[in-house]
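Chemist: Just to be clear, the model below is a prediction. Sequence and coordinates:
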Amino acid sequence: MYTKEEYLSLVNDLNKYAKAYYVDDELLVPDSYYDEIFHKVLDIEKEHPEFIVSTSPTQRVGGSAIESFTQIEHKVPLLSLSDIFKDEDLVAFTDRIDDFDTSHNLELCAEVKLDGLAVSLIYENGILIKAATRGDGRIGEDITHNIRTIKAIPLELNNAPAYLDVRGEVFMPRDGFEKWNEQARAQNKKVFANPRNAAAGSLRQLDPKITATRPLTFNAYYIGECSDELPNTQYERLMYLKSLGIPVNSNIKVVKGLDEARNYYNSILENRDSLNYDIDGVVLKTNSIALQENMGFTARTPRWAVAYKFPAQEEITKLLDVEFQVGRTGAITPVARLSPVNVSGACVSNATLHNEDEIKRLQIKINDFVIVRRAGDVIPQIIGVVTDKRDGSEKDIVFPDKCPICQSAVERVEGEAVLRCTGGLFCLAQLTQAIIHFVSRNALDIAGFGDKIVEALVNKEIVKNVSDIYTLDEDTLASLLLEQEDKEKKPRLLGKKTATKLIKAIEDRKEVPLNKLIYALGIREVGESTALTLAKNFESIDAIQKATLEDLTSLQDIGNVVATHIVDFFLESHNIDVINKLLTYINVKSIKTASNDVEKVFDGKSFVLTGTLSKMNRNEAKEYLLSLGAKVSSSVSKKTYMVIAGEEAGSKLTKAEELNIEIIDEDKFIEILRENNINI
């Protein structure tokens, strides 16, 4: 039971969170927390209708229009959707449709629920004359001058009706969001908490020139009003918009029956992380417009549509402590130790804090309640602090002035955001991380060489540099004691069987492609692509060692900073000593390419890999493509030249088919490689 005062307090909290997000562009709590309070208020209002106040967010659709913009009244209310979270809710929704549908043949238009900002676009005689935010569903904000800066939104339509009200979502793609935040951090400017916050903040700029710099796009999902006669299904109406030149999402699908609706939800959830935009669920709409009209609306939502939400990617938890880790380049990274919390299906107890500047920007303290975000395989991040929950026990985060591992002095190089240990390979952490990198899958790929094994070998001073890996014997490895994850348990022996397998894995990696060795050496800012460029232009490590700054900067994709790191690496005598020792154990293969015509057969053309390849892994396929001059992208677009599809390919394959992009299987890809003198 709740009192009227408790109810009013919850309503006040919701309105405060909504104003911060929609008006002030600040994220105080994650969406999942807001949803939890919102549904609690709904439950109270059902039990005590006498409590309901006009300021309750249940009595309106969204936040109020801000005074800086002219207000626009929607001719047709721009409503939000009811949320459902579990299969029982889906069954209840389809049962409700069945009550209205005399045919009892369930047909839904299924769409992804884009995580951006809902807008209405008004076209008169094919010309975009007005654009507005949702606002409170009845009155929104005039953002026409900002909408016109978004290239995805056409300013003029061909063969358009006299009047058309298009509803849709403005959002920021993930790649644009990451690039924007990366630039903002480098310039010590405000970063966005997430792509949705980025889209909302960008559309509320008073200066359209600022909006124009933001990587925004748009997908339509509904027609509010139209002067012409329209198709009689939701799906056909979206295709009609597409025919006019208005973008719609590629993952729209008509599903029939409850099982197909479930399959669509599960398929999108499974492929969520491969998309280049954030979604927080799927939207299911009755496909028949006649049935939509028959089912009608509640005060704030249509009865014929629901948003089936995914597990939350943001949650609130407590920051218990901050530890400082030392990487292979000496970078000292603050890592947050959190009270364990389930985020997007995974238990999260650690999160990155990036660097000292990020901590200052977040104004975060130990014992704060923080908002943690996790998207797919991305390392969990702290994106905000819930300052309302502070109780005075919070403590400042103090960065060390000495390396936490070797006690060497730390330094901050001008122009860099990170602190670095000056101990070099004297620091066990840097040596450990250097060896972990050396044996990793994308480097020398020595199977079975786990982090615990490396740590034990370094701590026992059995391995003092990467060349010592090739001096290991079975007896030494078999008797190695490994620390357990549970520190209270006794260390365990590696054992004879595992040692034998590891020695064989080391032996199998005594013939190494030049690009793999370059990458494995861990030269600062030399990734796989740069390593491949170096290997294609130099026949040996010795040739790279002798290269000048001018030689290196003349190569494609190698700038002055990276070239300087390469030159500096080979000026260090201890690096040369390690390389010379390595070369006594391994045989380095130069990368052989045919003529320039063959080498550049796919020069500048964009490829996308999707699904599971059975005869090579993704990294190998990527290297083959790079060696032929191709670019490898993570998402399909009109610029994609070809898609290589393995087994269980998902949404990328579907989009490629819709865009009529050439699709080949793994066998055809291997055939192409062999035609270009690449044997696998």
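Modeler: Here it is on my side, so go on. Residues are numbered from 1 along each chain as shown.
Chemist: looking at this, N350 is in a helix?
Modeler: No - the assignment for N350 (DSSP: H, G, I helix; E, B strand; the rest coil) gives strand, which keeps it out of a helix.
Chemist: what's the burial count for it?
Modeler: Residues lying near N350 (other Cβ atoms under 10 Å) number 14. For glycine as for every other residue, the C-beta is placed from the backbone atoms N, C-alpha and C.
Chemist: Kindly report the same for I210.
Modeler: Around I210 there are 13 other residues, counting by other Cβ under 10 Å.
Chemist: For it, give its distance to K130.
Modeler: Taking Cβ to Cβ, to the nearest Å as the measure, I210 falls 21 Å from K130.
Chemist: cool, and L338?
Modeler: Applying Cβ to Cβ, the value for L338 to K130 is 46 Å.
Chemist: Who has more neighbours out of those two?
Modeler: Legend: neighbour count by other Cβ under 10 Å for L338 and K130, higher for L338 (21 against 15).
Chemist: Let me know the helix or strand that that one is in.
Modeler: L338 belongs to strand 331-343 when elements are defined using DSSP states H and E.
Chemist: What pairs with that strand, parallel or antiparallel?
Modeler: Within its sheet, and counting by DSSP bridges, strand 331-343 is paired with strand 314-326 (antiparallel), strand 346-352 (antiparallel), strand 419-421 (antiparallel).
Chemist: pLDDT below threshold where in the stretch 551-680 of the chain?
Modeler: Filtered on pLDDT under 70, the stretch 551-680 of the chain yields the residue ranges 592-600, 679-680.
Chemist: now K46: how far from L81?
Modeler: K46 is 19 Å from L81, where distance means Cβ to Cβ.
Chemist: Please disregard the earlier target; I meant Y222.
Modeler: Y222 is 11 Å from L81, where distance means Cβ to Cβ.
Chemist: Could you tell me the model confidence score at D486?
Modeler: For D486, the pLDDT comes out at 65.
Chemist: Need the residues that contact the top helix by length along the chain.
Modeler: Determined from DSSP state H, the single longest helix within the chain is helix 31-47. Defining contact as Cβ atoms under 8 Å, 6 or more residues apart in numbering, one finds that helix 31-47 is touched by 2, 7, 10-11, 13-14, 17-18, 51-52, 56-58, 83, 280, 309, 312, 314-316.
Chemist: Tell me which of these fall in strands.
Modeler: Among those, DSSP state E puts D83, D280, K309, E314, E315, I316 in strands.
Chemist: Surely the last one and F369 touch.
Modeler: Spelled out, it's I316. Yes - using Cβ atoms under 8 Å, I316 is in contact with F369, at 5.6 Å.
Chemist: tell me, what's touching the two both at once?
Modeler: Common contacts of I316 and F369 (Cβ under 8 Å, 6+ apart): V386.
Chemist: so where do the helices sit in the stretch 501-650 of the chain?
Modeler: For the stretch 501-650 of the chain, applying DSSP state H, counting those that start in this stretch gives helices covering 514-520, 528-537, 541-546, 549-553, 560-571, 573-582, 596-599, 618-627.
Chemist: Check the stretch 151-300 of the chain too.
Modeler: Along the stretch 151-300 of the chain, the segments classed as helices by DSSP H, counting those that start in this stretch run 174-186, 195-203, 208-212, 234-244, 257-271, 289-295.
Chemist: nearest to V454, of the ones you listed?
Modeler: Closest approach to V454 among the helices of the stretch 151-300 of the chain (Cβ to Cβ): helix 174-186, 30.1 Å.
Chemist: Off-centre distance for the closest one?
Modeler: The chain centroid and the centroid of helix 174-186 are separated by 12 Å under Cα atoms, centre = their mean, to the nearest Å.
Chemist: same thing with stretch 82-96?
Modeler: The chain centroid and the centroid of stretch 82-96 are separated by 28 Å under Cα atoms, centre = their mean.
Chemist: Can you list the low-confidence ranges for the stretch 1-150 of the chain?
Modeler: Scanning the stretch 1-150 of the chain for pLDDT under 70 picks out the ranges 19, 22-25, 60-67.
Chemist: just to revisit the earlier point, Y222 and L81: which has the busier surroundings?
Modeler: Per other Cβ under 10 Å, whichever of Y222 and L81 has more neighbours is Y222, with 22 against 19.
Chemist: and that one, how far is that from N677?
Modeler: Applying Cβ to Cβ to Y222 and N677 gives a distance of 53 Å.
Chemist: same question, P334
Modeler: To N677, P334 is 49 Å away according to Cβ to Cβ.
Chemist: Count the neighbours of K460 for me.
Modeler: Using other Cβ under 10 Å, K460 has 11 other residues around it.
Chemist: going forward can the numbers begin at 11, since that is how I track them
Modeler: OK, 11 is where the count begins now, so the last one is K470.
Chemist: Comparing the helices of the stretch 511-660 of the chain, which comes out most buried?
Modeler: helix 524-530 (a mean of 23; mean count of other Cβ atoms under 10 Å).
Chemist: Check what contacts it and list those residues.
Modeler: 447-448, 450, 452-455, 476, 522, 536-538, 541-542, 544-546, 548-551, 554, 592, 596, 598-601, 633.
Chemist: Could you do stretch 502-509 as well?
Modeler: 458, 463, 466, 484-485, 487-492, 494, 512.
Chemist: what's the closest non-adjacent residue to N242?
Modeler: Leaving out its chain neighbours, the residue that sits closest to N242 by Cβ to Cβ, 6 or more residues apart in numbering is I299, at 5.1 Å.
Chemist: Could you verify my assumption that the one you found touches E239?
Modeler: No - I299 is beyond contact range of E239, at 11.3 Å (criterion: Cβ under 8 Å).
Chemist: So which of the two has more stuff around it?
Modeler: Neighbour totals were compared for I299 and E239, and I299 leads with 18 against 7 (other Cβ under 10 Å).
Chemist: could I have stretch 23-41 exported to PDB, CA atoms only?
Modeler: The C-alpha trace of stretch 23-41 is given here as PDB (Å, rounded to 0.1, in the frame of the first residue of the first chain):
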ATOM      1  CA  ASP A  23      11.000  11.900  -9.400                       C
ATOM      2  CA  LEU A  24       9.800  10.800 -12.800                       C
ATOM      3  CA  ASN A  25       9.200  14.400 -13.900                       C
ATOM      4  CA  LYS A  26      12.600  15.400 -12.700                       C
ATOM      5  CA  TYR A  27      14.300  12.600 -14.600                       C
ATOM      6  CA  ALA A  28      12.300  13.400 -17.800                       C
ATOM      7  CA  LYS A  29      13.100  17.100 -17.600                       C
ATOM      8  CA  ALA A  30      16.800  16.300 -17.200                       C
ATOM      9  CA  TYR A  31      16.800  14.000 -20.200                       C
ATOM     10  CA  TYR A  32      14.500  15.700 -22.600                       C
ATOM     11  CA  VAL A  33      15.000  19.300 -21.800                       C
ATOM     12  CA  ASP A  34      18.500  19.600 -20.200                       C
ATOM     13  CA  ASP A  35      20.100  16.700 -22.200                       C
ATOM     14  CA  GLU A  36      21.300  15.100 -18.900                       C
ATOM     15  CA  LEU A  37      21.000  11.400 -18.000                       C
ATOM     16  CA  LEU A  38      20.200  11.000 -14.300                       C
ATOM     17  CA  VAL A  39      19.000   7.400 -14.300                       C
ATOM     18  CA  PRO A  40      19.000   4.500 -16.900                       C
ATOM     19  CA  ASP A  41      15.800   3.700 -18.900                       C
END
